[in-house]
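1. Below are the sequence and a predicted model for it; my questions follow.
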There are 4 protein chains.
Amino acid sequence: MSKYKIAVFGLGSGQIDEAKGQQAFLLGKTIAERGHYLITGLAKGVTEYASKGAKSSGGVVIGVNPNEFENIITADICYDHTDIIINTGLGDRGRNVISVRTCHGMIIIDGSFGVLNEITNGVGENKPIVVLRNSGGVADIVETIMNKLKPDYKYFKMADSVEEAVILVEQLIKSKS
Amino acid sequence: MSKYKIAVFGLGSGQIDEAKGQQAFLLGKTIAERGHYLITGLAKGVTEYASKGAKSSGGVVIGVNPNEFENIITADICYDHTDIIINTGLGDRGRNVISVRTCHGMIIIDGSFGVLNEITNGVGENKPIVVLRNSGGVADIVETIMNKLKPDYKYFKMADSVEEAVILVEQLIKSKS
Amino acid sequence: MSKYKIAVFGLGSGQIDEAKGQQAFLLGKTIAERGHYLITGLAKGVTEYASKGAKSSGGVVIGVNPNEFENIITADICYDHTDIIINTGLGDRGRNVISVRTCHGMIIIDGSFGVLNEITNGVGENKPIVVLRNSGGVADIVETIMNKLKPDYKYFKMADSVEEAVILVEQLIKSKS
Amino acid sequence: MSKYKIAVFGLGSGQIDEAKGQQAFLLGKTIAERGHYLITGLAKGVTEYASKGAKSSGGVVIGVNPNEFENIITADICYDHTDIIINTGLGDRGRNVISVRTCHGMIIIDGSFGVLNEITNGVGENKPIVVLRNSGGVADIVETIMNKLKPDYKYFKMADSVEEAVILVEQLIKSKS
């Protein structure tokens, strides 16, 4: 089976509870176990746990950095559990352009306007997007948004579990090629 | 009164009706009459009419180009009625990063995922955002999105008319400084 | 005659003497008097003087900002004498990509690696480049570089005076269209 | 020893002879054997051979793409021998900003204005730069440029062999931390 670059985007720093952290960890772990690369935006919270999960089963994690240099310390950034850091120096929204263009598909757990920005980039670039149902934040309204603005978008799915999310994003990616 | 850079973002090519076109024209005209610069993303549709309106009363229109060069012909681009073209070569979403960072505030008429992308950029960059109520598309769901994801965002307002939209965005910009 | 966007790039902050400042001032003034827009990277030094010159005769100055926001104070930036600030948030080299893509042609007075970066961007984007002879720094070696790397580049000229520089860049721009 | 991201930049498509190709191959191979990641701009010519060399000894190659999508076919791009493609969609010079910010240091074999652009980005971002002496093109004039514009730049060295180039870039990178 092909090796894809799968991005995980989700709720950022400070606000993440234990259960959501474990979900994100399992997501990263599953992505790695199925042989894919994990793409992140180097955020704290969901992304950090996903990276830890991917590394726990020997995956390769690529973090797209809003900063010009590695190891610039800012409130929302976590450089841990990452193999390869891509320094963009384009700021948060500029970084999102690169991370979304780079991934073959993305999986969303919770999140606010930053994640919605990544979703809008994804639709614009025709990327597969899978959202973990009931994970909170943008996950609770993404279907409303899709139904209103682009009901015919073929590369969007809701998933009921982490495992299903990975399977669905794989299928959507495959369906494009 | 200060001269601001006010962006107009809205429904793109092909789908715009006469009434919406006139609304966009009036919006551009009002922005220019009140002494502001009009920032656009050089899209067809709403943006094109707004630029025409601004030029009709001697305004200055600055268009932020997704393409590397001027006058590259693509389906959604209109270079007319524009004084100064900023060539980014960053593609559609990359261009949105620059146009949103550049404006002091933005006014939305209708629009789909491209406009929602500009709104999410705007929230991320702390920009004043005014949406014309009942103008369709994203305008119909933006309050739902705001209430869910960032109910405390101080720089967001709905407007009932073009004139009110310009006044409100001016007030929000002033309130930041 | 057509209105062009002409960039002035040159030696940055702190090191500029009175004579070079007056040369840069005259360059900006001449660009404005001939009806063109002045594009800058908002640097101190040569650029600052050129902007002042352009404004002294009613020109329009567009400054391309490496920072995400206006009025972020950094050592090398000057926001004065500028009509329209384009905020890129792409950092110094990212900003250079946008300012070079945006201009129709560029004029160089002195400068170091930052200006050489702008020249290499210019050659890559096929932009007319005019360098003021004997203005120091990169101006003293640019012919050597051109002869070695791209002797057939059609849009490069050395100028012996500010007036000649503006005439030459106009001619090169016209020759492309 | 630390794992670095080392970029190889050099002469592009079409013009590369067998000897230079083997030199580039050996360079990529040596980088991989010493445990480093190879960063490229996905160009044909030198970069392509270096990637092949890195893969020949099990290295990891990361290619920074000027295009928005993978596998867009353009004259100068080669996607082969690359593990992870970072899609920027920023065009050639925009891509150079990201590849240079991402690498810890760079090694140059021959090249024209595109490579000189990467060198100027590197100096601006304070990156170690090692140039293979007598490899042609920009390699023949880079010392002249450095002596004129930035004689005190601490992170620049000429190397007499591929092996020396890798050792020198490692030392320069280490000297920064």
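-> Looks like it arrived, so ask away.
2. Quick check, pLDDT for the residue of chain A most remote from its centre.
-> Summary for chain A: using C-alpha atoms, centre = their mean, the residue whose C-alpha lies farthest from the chain's mean C-alpha position is A:Lys148, with a distance of 23.2 Å. At A:Lys148 the predicted local confidence, pLDDT, stands at 97.
3. what packs against the helix or strand hosting it?
-> Mapping A:Lys148 onto the secondary structure by DSSP states H and E places it in helix A:142-149. Of the remaining helices and strands, those touching helix A:142-149 by 3 or more C-beta pairs under 8 Å, 6 or more residues apart in numbering or on different chains; DSSP states H and E are strand A:156-159, helix B:113-124. All C-beta atoms are positioned from the backbone trio N, CA, C, and that covers glycine.
4. Give the buried residues for it.
-> Applying a neighbour-count criterion of 16 or more other C-beta atoms under 10 Å in any protein chain shown, the buried positions in helix A:142-149 are A:Val142, A:Ile145, A:Met146, A:Lys148, A:Leu149.
5. Can you read off the backbone torsions of the closest residue to A:Asn65 other than its chain neighbours?
-> Of all residues beyond its chain neighbours, the one nearest A:Asn65 is A:Asn87 (4.8 Å), with distances taken as C-beta to C-beta, 6 or more residues apart in numbering or on different chains. When read as degrees, to the nearest 10, the backbone of A:Asn87 gives phi -90, psi 120.
6. And A:Asn87, how close does it get to A:Glu170?
-> Computed as C-beta to C-beta, to the nearest Å, the A:Asn87 to A:Glu170 distance reads 29 Å.
7. What of A:Gly114?
-> For A:Gly114, the distance to A:Glu170 (C-beta to C-beta) stands at 25 Å.
8. Ok, A:Thr102 next?
-> According to C-beta to C-beta, A:Thr102 stands 17 Å off from A:Glu170.
9. Which residue of those two possesses the greater neighbour count?
-> Summary of the neighbour comparison: A:Thr102 and A:Glu170, criterion other C-beta atoms under 10 Å in any protein chain shown, with A:Thr102 having more neighbours (26 against 21).
10. per-residue pLDDT, the more buried one?
-> Looking at A:Thr102 specifically, the model assigns a pLDDT of 98.
11. got it, and A:Ile16?
-> Residue-level confidence at A:Ile16 comes out at 87, pLDDT.
12. which residue sits closest to it, ignoring its sequence neighbours?
-> Leaving aside its chain neighbours, A:Ile16 sits nearest to A:Gly45 (4.5 Å; criterion: C-beta to C-beta, 6+ apart).
13. Okay, that neighbour and D:Ser135: tell me how far apart.
-> Using C-beta to C-beta, one gets 47 Å for the distance from A:Gly45 to D:Ser135.
14. One more: A:Lys150?
-> The separation that A:Lys150 has from D:Ser135, given C-beta to C-beta, amounts to 51 Å.
15. Next one, pLDDT for the spatially closest residue to A:His104 that is not a sequence neighbour please.
-> Counting by C-beta to C-beta, 6+ apart, A:His104 lies nearest to A:Tyr4, which is 4.3 Å off, once chain neighbours are set aside. pLDDT for A:Tyr4: 98.
16. quick one on the thing from earlier: restrict the helix holding A:Lys148 to CA atoms and write it as CSV.
-> The C-alpha atoms that make up helix A:142-149 are tabulated as CSV, following Å, rounded to 0.1, in the frame of the first residue of the first chain:
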residue,chain,number,x,y,z
VAL,A,142,-18.2,21.5,9.9
GLU,A,143,-21.1,19.5,8.3
THR,A,144,-23.3,22.6,8.5
ILE,A,145,-20.6,24.6,6.8
MET,A,146,-20.0,22.0,4.1
ASN,A,147,-23.8,21.6,3.4
LYS,A,148,-24.1,25.3,3.0
LEU,A,149,-21.0,26.2,1.0
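17. could you check the angle helix B:142-149 makes with it?
-> Orientation of helix A:142-149 against helix B:142-149 (axes from the mean of the first three to the mean of the last three C-alpha atoms, to 10 degrees) gives an angle of 170 degrees.
18. How far off centre is helix A:142-149?
-> Mean C-alpha position of helix A:142-149 versus that of the full chain (C-alpha atoms, centre = their mean, to the nearest Å) differs by 19 Å.
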